[in-house]
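Colleague: My questions concern the predicted model and sequence given below.
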Amino acid sequence: MDLQTRKLNAIRYLVNLQDEKIFREIEAAIDTVKSQKETELQPFTPKQLVDRAKRSNEDYVSGKFKSQDQLELESENW
């Protein structure tokens with residue numbers, strides 16, 4: 001069954017739906033999908049990448065980093 005046919009079947013189902021609870025659940029599912037789409041990851045711009053790299057270098061030079069061993073020890077407590 002193609003997507004267009006499935007959409008039409010869903011519309012027919014919704015038009016005939018009488019159960020308020022089921023309809024609210026469908027609305028909630030739609031809202032969840034919409035909000036997930038809005039918060040999807042976006043690629044960094046070149047300027048953002050350069051800024052992040054500069055901040056990372058500054059953090060490294062100032063000693064604001066953890067070694068691999070430190071991270072492994074820390075992750076044991078997760």
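Modeller: In hand now; what should we look at?

Colleague: domain ranges for this structure?
Modeller: Annotated domains of the chain cover 1-40, 44-78 [automatic domain parsing].

Colleague: Name the residues of the longest one that come out as buried.
Modeller: Buried residues in domain 1-40, counting neighbours by 16 or more other C-beta atoms under 10 Å, are absent. From N, CA and C alone the C-beta is placed, and that goes for glycine too.

Colleague: Could you tell me the end-to-end distance of that domain?
Modeller: Domain 1-40 has an end-to-end distance of 29 Å (C-alpha to C-alpha, to the nearest Å).

Colleague: Can you give the distance of that domain from its chain's centre?
Modeller: Domain 1-40 sits 20 Å away from the centroid of its parent chain (C-alpha atoms, centre = their mean, to the nearest Å).

Colleague: Equivalent analysis for stretch 69-78, please.
Modeller: 26 Å.

Colleague: where do the helices sit along this structure?
Modeller: Along the chain, counting by DSSP state H, helices occupy 3-16, 20-38, 46-61, 68-75.

Colleague: With mean pLDDT as extra columns, can I get those helices in a markdown table?
Modeller: Conversion of these to a markdown table gives the following (pLDDT from 0 to 100):
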| stretch | mean pLDDT |
| --- | --- |
| helix 3-16 | 95 |
| helix 20-38 | 90 |
| helix 46-61 | 96 |
| helix 68-75 | 92 |
